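Novice: Give me a 3D structure for the following:
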Amino acid sequence: MRILRWGRVEVSGGFLLLAALLWYLDEDGTLLLAGVACVLHEVAHCAAIWGLGGRISRLRLSVTGAELTLSGTRPLGHTAQFLAAVSGPVANLAVALLAARLAERGGRETLWVFAGLNLGLAGFNLLPMSQLDGGRALRSLAGIFLPETVADALAAALSWAACAVILVLGGLLFWQNRANFTMLLTALWLAYANSRSLGRPGMANKRRSRVGRKR
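Specialist: Numbers count the residues shown, from 1 in each chain. Below you'll find the model as predicted:
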């Protein structure tokens, strides 16, 4: 689909369609809170990358999620990439804790919902899959101790293993309760995103080519 560009930010048509669909289906007003949690997640990634001396060449929003691409002009080492990868989930966990504490004092249901959304977003992104922060963090850790080819193979194997487990669990849940297909759809989306992201991780150092590149 058509890609919209504003500087270093790219937004796909699929992302816009998905956002419109979720907005239409959102009856409880949780989509806005989820959007705030996602923005905090990405801001934490960006702040960590800049703080570690890296540079972001592109932020792409697509139907498979947000993808940060680091510029090869300021490459990050494996340790720095690990810290950058976990910064998003850590920020969501911190916000979830803060929102829960405030909810205990104020008793507002919205704060409990916001805390739950941040907690869920952090847990989801820590899954050991290549397109998620957990998979990128594991790949960075493996790169510290193992050769690059071995680290890539290990990260891919863990990613597909996690995907298979979620697919099986989603299928079993749907088999037992035909009305609950959310987990199965999530597993299928993860499998699709996994097949696209392996070999081109979003938070990786990429050398920017000047040949045939439009600016």
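Novice: all contacts plus neighbour counts: C-alpha atoms, from now on.
Specialist: Will do.
Novice: ok now do residue 31, which residues does it touch?
Specialist: With contact set as Cα atoms under 8 Å, 6 or more residues apart in numbering, residue 31 has these partners: 22-23.
Novice: what separates the one helix or strand it maps to from the chain centre, distance-wise?
Specialist: Per DSSP states H and E, residue 31 falls inside helix 30-51. Here helix 30-51 is found 10 Å from its chain centre; the criterion is Cα atoms, centre = their mean, to the nearest Å.
Novice: Tell me where this protein has strands.
Specialist: 3-6, 9-12, 56-62, 65-71, 205-206 (DSSP state E).
Novice: Need those in TSV (columns: mean pLDDT, mean neighbour count and distance to residue 81).
Specialist: Shown next, in TSV, are these (pLDDT from 0 to 100; neighbours: other Cα atoms under 10 Å; distance: least, Cα to Cα, whole Å):
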stretch	mean pLDDT	mean neighbour count	distance to residue 81
strand 3-6	77	12	25
strand 9-12	84	16	21
strand 56-62	85	19	12
strand 65-71	81	18	10
strand 205-206	43	20	9
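Novice: Can you check which of the ones you listed gets nearest to residue 104?
Specialist: Evaluated over those, closeness to residue 104 peaks at strand 65-71, with 32.2 Å, by Cα to Cα.
Novice: list the helices and strands the closest one packs on?
Specialist: If you count contacts as 3 or more Cα pairs under 8 Å, 6 or more residues apart in numbering; DSSP states H and E, strand 65-71 packs onto strand 56-62, strand 205-206.
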